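*Asks:* Okay, sequence plus prediction incoming.
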Amino acid sequence: MIGQDGLWTRGFRYLTCLILVVWLIMPLIPLAIWSFARGWFFPDILPKRWTTDAWAYAVSDTAGVLDALWLTIGISLAATVLSILVGVPAGRALGMYKFRGKGVVELMILAPTIVPGIAVVLGIHSVFISLGLTNTVHGVILVHLIPTLPYMTLVMAGIFSNYDPAFEAQARSLGASPLKTFWYVTLPAIMPGIIVGGLFAFLVSWSQYILTLLIGGGRVVTLPLLLFNFATSGRNDITGAIGMIYILPGIIILLLTAKHLSGRSGAVGGFGRI
Amino acid sequence: MIGQDGLWTRGFRYLTCLILVVWLIMPLIPLAIWSFARGWFFPDILPKRWTTDAWAYAVSDTAGVLDALWLTIGISLAATVLSILVGVPAGRALGMYKFRGKGVVELMILAPTIVPGIAVVLGIHSVFISLGLTNTVHGVILVHLIPTLPYMTLVMAGIFSNYDPAFEAQARSLGASPLKTFWYVTLPAIMPGIIVGGLFAFLVSWSQYILTLLIGGGRVVTLPLLLFNFATSGRNDITGAIGMIYILPGIIILLLTAKHLSGRSGAVGGFGRI
Amino acid sequence: MTHVSIQSLTKVYPGADTPALDNLSLEIATGELTALLGPSGCGKTTTMKMIAGLLEPTSGDVRFNDRSILREKPENRGVVMVFQNYLLFPYMSVADNVGFGLKMRKTDPAEIKRRVGEMLDLVKLPDLGDRKPSALSGGQQQRIALARALIVQPEVLLLDEPLSNLDAHLRFEMRDLIRSLQQEMGITTIFVTHDQEEAVVLADRVALILDGQMKQYDAANVFYNRPVDEATARFFGGHNFIAGTSDGGTFSSPLGRLSLPSGATKGAGKLTFRPENVRIGPDPEGDNTLTAHLVDIIYLGTQTRLKLRVGDTPVEAVVNPNDVEGLNLGDQMQIHLPKATLWVIS
Amino acid sequence: MTHVSIQSLTKVYPGADTPALDNLSLEIATGELTALLGPSGCGKTTTMKMIAGLLEPTSGDVRFNDRSILREKPENRGVVMVFQNYLLFPYMSVADNVGFGLKMRKTDPAEIKRRVGEMLDLVKLPDLGDRKPSALSGGQQQRIALARALIVQPEVLLLDEPLSNLDAHLRFEMRDLIRSLQQEMGITTIFVTHDQEEAVVLADRVALILDGQMKQYDAANVFYNRPVDEATARFFGGHNFIAGTSDGGTFSSPLGRLSLPSGATKGAGKLTFRPENVRIGPDPEGDNTLTAHLVDIIYLGTQTRLKLRVGDTPVEAVVNPNDVEGLNLGDQMQIHLPKATLWVIS
């Protein structure tokens, strides 16, 4: 195809890639600058004076940032673990077996990724009231499962659809009990999926704003809620500092999983399958 | 593997699927009931009286629901078209060619799907102010590209990584010019990807709340903003009606694409690849 | 030292009309290397899985030394199956793969290490223990899969198309390795294949299964020279079937009267002879000479295939290219069918 | 009616050390069916793509009837390439696929319809026009791909491994179809393959390419009987190479003195003969009889491969299984090498 894809066409494609990258990385820079700025106004390219005041405030007890950080970590971890426990067996059923009504089940699982979260949470709110789950951390964890569960299930379905159960038959034939087969053969094979899927489920829970706000009723203050409050109150410097803390797990996870992702490990392969 | 996956294990897997479905479909039901309820309070299973008042209000001129609907459709359509125009060539470059720094580009494209939108938009806000794009529909469309562009690019990269460019060579060999080759050979092959990717990009834009709120500065009132206002003002009946309107495109698109999705057309295959 | 007895083994998959395997009975002597041969979908892999315990039979029995094993779990049967695509565990080293079976049996680690080393020597890959399976070639992977199976000294070894993924050169190497190890260790071995050449090259005895039923169970060369029926002969590449009548000594047919070897079936039947056994020129013994017209010559490099016509009867021959140099289409020529190579199917 | 001349064609991929194709020159006469034969990665597909205009050569020229075509766009070269995996456009009907080339040439729709019908008749699939390609079998798909290529009446037809995806039965059908259509329409045809049998069965002439360089360009059977060197002979399945000295009439070597056919090369060289041409028993002409020990017998069903030792020299023979019945390993036997089948490589 070298004769056809001339230099011009190729150049155009690379250019679109470049635009994309600039477009996506650019927004993060002002955030970092702000957090160290003492006043930064249009049309200055950079702030006139620098300070670490915003950071000092952000890590102080008054701001409640650290409390919110630990709470957010706890909620996201719980949602992740629950997602793994349900998502792995459900993903195996979806990825490996054909059964009547499988299409319907797949559709239902896709629904929350398509139907906007705000509509979903309005409906679930009354159910949670009657169960006494509103305004509690438990309720927030449960409602976070709405976006994280489908994600984990789809990732695991992708993993299992590429998984050859003959490996398990081979292990049995070589003398392994069902339990040992799971431990030595199945688990190592699906571990990359569990890790990457789990990390992403963590991030999805980490990013929830509206679900937490509506179910938590303002009593469960996670990092994005705090961030939003500072952002709308116009404190750009503190917003910048909290924002940097807030995006940290995302950046770390992105770098951690970069190898898997560019190695096309199929770990994020859920969407590809269903 | 029948010897190994006993009835009990299988049953457990199907059970997890069932839980998943109930969990995900349940929230939508109260929403529908509310929109027709005149007063519906705990512990009633169903409202005592039914009415269409909420619907009548929702479609009246006063509520501004219809204006918001058209605005939302317009913004989502524009974001979708722009995503397709950039996403198709960028996806081809990513999916079909190896080049230096490809891994970095892929990482950048994944970033906005991982870094929470709220952090991103805070950064871009100051840039948009200096460009005079805040509080305008144009600005909202541009900021919606942050979540839609990566999505479209990933979907197209998935399509192109499964696409055999030899079909184009074959067409050239049979006497087709480059333009005719694109029209008769390339376009039909990638069309399912463009359609499904486009539909999903539309939905992603349709669901944006925080980006619209912060960049639109409250002047660009899309449906989710309106919905949120009614939800927090406690008008459950009107919230229900607007909520039903709001989730309509999602349901329609879900049903439209169901065939593609369960046919494993790979149209949503972007995530599986990168 | 295990005698395997398969008794009326039948498998009907849920929802299927016809059985995948219909009433298969087979006795496999201790230490023998037997091929289950048949086209894809004939039920041979189903049979293997039932022996290995990965699939439950609908009816029938599998007995090792007269003890039924159907109620044993796969891991306790003393059967190891080697799959066609080797299935080396990708995240374990080669040595860990080979030692897997011993580890499951809670063997002492030092003992495992010693026996893995021995086994790697035996399959002639002593230096690869530390590698990952993905770093091995296809032929090496298969040898490691074999080593992993043999290290647990199974009573019965099952091989799924053991030569089919290998190129011509490696096939013979692998064949020699399988035969020598299997005979040395005295392991009763069953393999399935769809390729008659693979069956013939590797097996002591071949069971031909067509449409879920066993057609013939014999030493490999018998299938070429004395097939039980036309379907069997065709599966082994037979082309010539001539209807007529045998009186035990001669066969009367459109080809005339041909002398038969002693012991031939009597009565109406079909005469068959392999294309490779048709010879150019008159019969030195005088009896079975025919006059043929040359209809088509297909040059295949090391062999030449001739389509002939004797009267109105088509006959196919495969000969050495040098023997037919100078022959042209339409030529008349003498051929003979050596008496010993004729066979009558009743 | 196109004479194809490939002149010093060379391709070095960017960043590669050695050329993928090194200085290939080849004259292909009008209407001839030529095979480019070589192992994978020998540069044969590179050559095809350069002729079709899908790849630019580093140096050299391709001329049709003495006119260089390198500056022409692929769609204007009069070359159609049929890819190995057929590449039927999946969302078009079979008829639209076949008519694609005419549509690109802005032919009148009624005319397209008529010629597509003719073409489908020619490839013996007249009723499949309305189907989708995915509803066709592999063999049918290939015939449609051929029809789609031939309908534009190209000057030169390029085929990529035309028989390799077909099973044995279909290969011969396809071979006959390609040969008859190509000869009828007088289209100069070049195909590439890695399979010597495919080359031999289909081509008028074969160009053997090893390591990016052309070894020999000859009619198919010459490669078996008179290979230019040992690598060529080995590629075609040769096994016996015995160093010694020729005086034109006899060859002196560890095998003794053997009579050569007239015109043999003189001087130091290697004697080669095909395993299929080793005969059992003494030479009727008396000259070339040898005494051999039987080292190994490999039964292959329709053939038997013998590993022999004449003195210390290993010799391989392939014979009819019936000719060696009763022979055992270690037996001493007489063999002969027919004079006409010997060949000396200088």
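*Replies:* Good, I have the coordinates.
*Asks:* which stretches of chain C aren't confidently modelled?
*Replies:* C:168 (pLDDT under 70).
*Asks:* Name the residue closest to the centre of it, please.
*Replies:* By C-alpha atoms, centre = their mean, chain C has its centre lying nearest to residue C:199, at 1.8 Å.
*Asks:* which residues touch it?
*Replies:* Residues in contact with residue C:199 (C-beta atoms under 8 Å, 6 or more residues apart in numbering or on different chains) are C:35, C:37, C:193, C:206, C:220. Bear in mind the C-beta positions are built from the backbone N, C-alpha and C, glycine included.
*Asks:* Please could you give me each C-alpha atom of the helix or strand hosting the fourth one, formatted as PDB?
*Replies:* Going back to what we said before, that points to residue C:206. Assigned by DSSP states H and E, residue C:206 belongs to strand C:205-210. Listed next in PDB are the C-alpha coordinates belonging to strand C:205-210 (Å, rounded to 0.1, in the frame of the first residue of the first chain):
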ATOM      1  CA  ARG C 205      -2.500 -50.400  14.700                       C
ATOM      2  CA  VAL C 206      -5.100 -48.200  13.200                       C
ATOM      3  CA  ALA C 207      -8.900 -48.000  14.000                       C
ATOM      4  CA  LEU C 208     -10.700 -46.300  11.200                       C
ATOM      5  CA  ILE C 209     -13.900 -44.500  12.300                       C
ATOM      6  CA  LEU C 210     -16.300 -43.200   9.700                       C
END
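*Asks:* Please point out which parts of that strand sit buried.
*Replies:* C:205, C:206, C:207, C:208, C:209, C:210 (16 or more other C-beta atoms under 10 Å in any protein chain shown).
*Asks:* which residues sit in contact with the residue in the stretch 51-200 of chain C that chain D sits nearest to?
*Replies:* Ranked by C-beta to the nearest C-beta, the top residue of the stretch 51-200 of chain C for proximity to chain D is residue C:200, at 4.3 Å. Contacts for residue C:200 (C-beta under 8 Å, 6+ apart) come out as C:206, C:220, C:221, C:223, D:299, D:300, D:301.
*Asks:* backbone phi and psi for it, please?
*Replies:* phi -70, psi -40 (degrees, to the nearest 10).
*Asks:* For the residue of chain C most remote from its centre, what is the enclosing helix or strand?
*Replies:* Here chain C reaches farthest from its C-alpha mean at residue C:110, the gap being 39.6 Å by C-alpha atoms, centre = their mean. Element membership for residue C:110, per DSSP H and E: helix C:109-122.
*Asks:* next one: that helix to chain centre, how far?
*Replies:* 32 Å (C-alpha atoms, centre = their mean, to the nearest Å).
*Asks:* contact partners of it?
*Replies:* Under C-beta under 8 Å, 6+ apart, the answer for helix C:109-122 is C:94-95, C:98-99, C:102-103, C:107, C:126, C:128-129, C:147, C:150-151, C:181.
*Asks:* quick one: which of those residues has the most company?
*Replies:* For those, the largest number of neighbours (other C-beta atoms under 10 Å in any protein chain shown) sits with residue C:98, at 30 neighbours.
*Asks:* what's the spacing between residue A:182 and residue B:15?
*Replies:* Using C-beta to C-beta, to the nearest Å, we find residue A:182 at a distance of 18 Å from residue B:15.
*Asks:* Tell me which residues of the helix holding residue C:110 come out buried.
*Replies:* Buried-residue list, helix C:109-122, by 16+ other C-beta under 10 Å: C:112, C:115, C:116, C:119, C:120, C:122.
*Asks:* Quick check: of those, which lies closest to residue C:11?
*Replies:* residue C:119 (33.7 Å; C-beta to C-beta).
*Asks:* Please convert the contacts of helix C:109-122 to a markdown table, extending it with secondary structure.
*Replies:* Listed next are the contacts of helix C:109-122 as a markdown table, based on DSSP: H, G, I helix; E, B strand; the rest coil:
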| residue | secondary structure |
| --- | --- |
| C:94 | helix |
| C:95 | helix |
| C:98 | helix |
| C:99 | helix |
| C:102 | helix |
| C:103 | helix |
| C:107 | coil |
| C:126 | coil |
| C:128 | coil |
| C:129 | coil |
| C:147 | helix |
| C:150 | helix |
| C:151 | coil |
| C:181 | helix |
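*Asks:* And these, which is closest to residue A:160?
*Replies:* residue C:103 (25.4 Å).
*Asks:* how near is that closest one to chain A?
*Replies:* Between residue C:103 and chain A the computed distance is 8 Å (C-beta to the nearest C-beta, to the nearest Å).
*Asks:* which residues touch that residue?
*Replies:* Contacts of residue C:103 by C-beta under 8 Å, 6+ apart are C:96, C:112.
*Asks:* again, but for residue C:290
*Replies:* C:255, C:256, C:310, C:315, C:334, C:335, C:336, C:337.
*Asks:* C-terminal to the helix or strand where it lies, which secondary structure element comes first?
*Replies:* Residue C:290 belongs to strand C:289-299 when assigned by DSSP H and E. Per DSSP H and E, the first helix or strand lying C-terminal to strand C:289-299 is strand C:304-310.
*Asks:* Any part of the longest helix along chain A near chain C?
*Replies:* Ordering each helix of chain A by length in residues (DSSP state H) puts helix A:65-96 first. No. Using C-beta under 8 Å from any C-beta of the partner chain, helix A:65-96 stays clear of chain C, coming no nearer than 15.3 Å.
*Asks:* and that helix, what's its mean pLDDT?
*Replies:* Across helix A:65-96, pLDDT averages out at 91.
*Asks:* ok, now stretch A:208-224?
*Replies:* 88.
*Asks:* Helices of the stretch 51-200 of chain C, residue ranges please.
*Replies:* C:94-104, C:109-122, C:138-150, C:168-185, C:196-202 (DSSP state H, counting those that start in this stretch).
*Asks:* how long is stretch A:215-225 from one end to the other?
*Replies:* 13 Å (C-alpha to C-alpha, to the nearest Å).
*Asks:* Return the distance of it from the chain's centre.
*Replies:* Between the centre of stretch A:215-225 and the centre of its chain there are 18 Å (C-alpha atoms, centre = their mean).
*Asks:* Any buried residues in it, and which?
*Replies:* Neighbour counts over stretch A:215-225 (16+ other C-beta under 10 Å) mark A:215, A:216, A:217, A:220, A:221, A:222, A:223, A:224, A:225 as buried.
*Asks:* Just put those residues in a markdown table and tack on secondary structure and distance to chain C.
*Replies:* Listed next are those as a markdown table, based on DSSP: H, G, I helix; E, B strand; the rest coil; distance: C-beta to the nearest C-beta, whole Å:
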| residue | secondary structure | distance to chain C |
| --- | --- | --- |
| A:215 | helix | 41 |
| A:216 | helix | 41 |
| A:217 | coil | 47 |
| A:220 | coil | 40 |
| A:221 | coil | 43 |
| A:222 | coil | 37 |
| A:223 | helix | 36 |
| A:224 | helix | 37 |
| A:225 | helix | 42 |
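*Asks:* Turn the residues you listed into TSV, including distance to chain B.
*Replies:* Formatted as TSV, the buried residues of stretch A:215-225 follow (distance: C-beta to the nearest C-beta, whole Å):
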residue	distance to chain B
A:215	11
A:216	13
A:217	11
A:220	16
A:221	14
A:222	11
A:223	9
A:224	6
A:225	10
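*Asks:* okay if I get these as a markdown table plus distance to residue D:71?
*Replies:* Formatted as a markdown table, the buried residues of stretch A:215-225 follow (distance: C-beta to C-beta, whole Å):
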| residue | distance to residue D:71 |
| --- | --- |
| A:215 | 70 |
| A:216 | 71 |
| A:217 | 75 |
| A:220 | 72 |
| A:221 | 71 |
| A:222 | 66 |
| A:223 | 64 |
| A:224 | 62 |
| A:225 | 67 |
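*Asks:* Of the residues you listed, which pair is most distant in space?
*Replies:* Checking the buried residues of stretch A:215-225 with C-beta to C-beta, the most distant pair is A:217 and A:223, at 17.3 Å.
*Asks:* Thanks a lot, catch you later.
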